[in-house]
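Participant: Sequence isn't available, so here's the structure alone:
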């Protein structure tokens, strides 16, 4: 078995495609993709922040403070035009003459005297990327509302120092019992298994295809079967090769992401994130690896069985697509709101590992659940491994 493992590993290391999937992708390509996504998102946010929007306003004279604040705002430019109705503003937005139109009622100040509020209309295309315009205008309108409130309080003879307490008689102060690690772990903890677990599957998929269907295409499987090595040892040798590449991909990815994060902290403000992850101790990383090992065994058994069954390399690749989708579904379940590690979720494959990794990162893991998950996943891996060995012994499967 060990000789088969070394032989298969040497052949994989000679294959450039394997090195790309196992080493190059985790070390360089994935971090570059994430960096590119971050750059594009920050660039889009910067462009949105700097973009100037054309606007028109009806009855601006009834709210001069609001009119002046909007006029001098860096992101808004007044468009001169004889707009009198909401319909005219709607048409102007559709014709892209303006980005937003504002209708102020003529009783913007007088309505408060009669004890009623007035309704302003903001005309814009909420389906476009300009939907944040409403938020900006709302902030300025709230400032104008405070001005109106202050005027009415002054008329009623209420001192300025009492006005704030009347407007906000109850002020809530949040006292958070969670530390930095738990807070960031709740937000980022679900993303780590979403990255790690698919990589464990991806690291097993390509080598498994090559060791099964690839050998069928090359005609080397028959030669291997003629050697005086029991078939059980043959398939176990292939299995441990796939398992090795699967875990190597995950470990290289974690190491490379750590290095890239360290480099990024020199240029960007990610101090809180690095501080939170620096709180993870050796035992935490060991637990994450411990949970990934039986899961990698599950994936390795599945992909190797599929590869043994497939007639060709292409057919095996076609089978891997649905398997990847099935692996993502439990991950999506683990990312759902209020999904926590419990006795029931600890028995759900993949979901249990994802939730346990999240709890480990948060520092709130229940070690009894970790033991249950490890045992349950290991049992599943053992069953699938036995099925894979049985599959490999069937002539109608090997030479179909």
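Facilitator: Everything's here; your move. Quick caveat: nothing in here was measured; it's all calculated off a predicted structure.
Participant: What ranges does this protein have for its strands?
Facilitator: Using DSSP state E, the strands of the chain run over residues 53-58, 76-78, 100-103, 121-124.
Participant: neighbouring strands for the first one, and are they parallel or not?
Facilitator: Think strand 53-58. If you go by DSSP bridges, strand 53-58 pairs up with strand 76-78 (parallel), strand 100-103 (parallel).
Participant: sorry, back to before: out of the strands of the chain, deepest packed?
Facilitator: When these are scored by mean count of other CB atoms under 10 Å, the highest mean neighbour count falls to strand 100-103 (a mean of 23). In this view, the C-beta of every residue, glycine as well, is placed from N, C-alpha and C.
Participant: List of residues touching it?
Facilitator: For strand 100-103, the external contacting residues (CB atoms under 8 Å, 6 or more residues apart in numbering) are 53-59, 70, 83, 86, 89-90, 92-93, 120-124, 130, 133-134, 137.
Participant: let's go with 6 Å and repeat that
Facilitator: If you take CB atoms under 6 Å, 6 or more residues apart in numbering as the criterion, strand 100-103 is touched by 55, 56, 57, 58, 86, 89, 121, 122, 123, 124, 133.
Participant: and what of stretch 310-322?
Facilitator: Stretch 310-322 is contacted by residues 205, 209, 213, 214, 217, 306, 307 when judged by CB under 6 Å, 6+ apart.
Participant: quick one: the residue of the chain most remote from its centre and residue 116, what's the gap?
Facilitator: Centroid-distance maximum for the chain: residue 157 at 54.2 Å, with CA atoms, centre = their mean. The gap separating residue 157 from residue 116 is 22 Å, by CB to CB, to the nearest Å.
Participant: Buried ones in stretch 145-155, by neighbour count?
Facilitator: Residues 148, 153 are the ones in stretch 145-155 that count as buried (16 or more other CB atoms under 10 Å).
Participant: what's the longest helix along the chain packed up against?
Facilitator: In the chain, with assignment by DSSP state H, the single longest helix is helix 231-264. Applying 3 or more CB pairs under 6 Å, 6 or more residues apart in numbering; DSSP states H and E, we find helix 231-264 packed against helix 2-14, helix 191-209, helix 282-309, helix 367-392.
Participant: can you tell me which of these comes nearest to residue 234?
Facilitator: helix 2-14 (5.7 Å; CB to CB).
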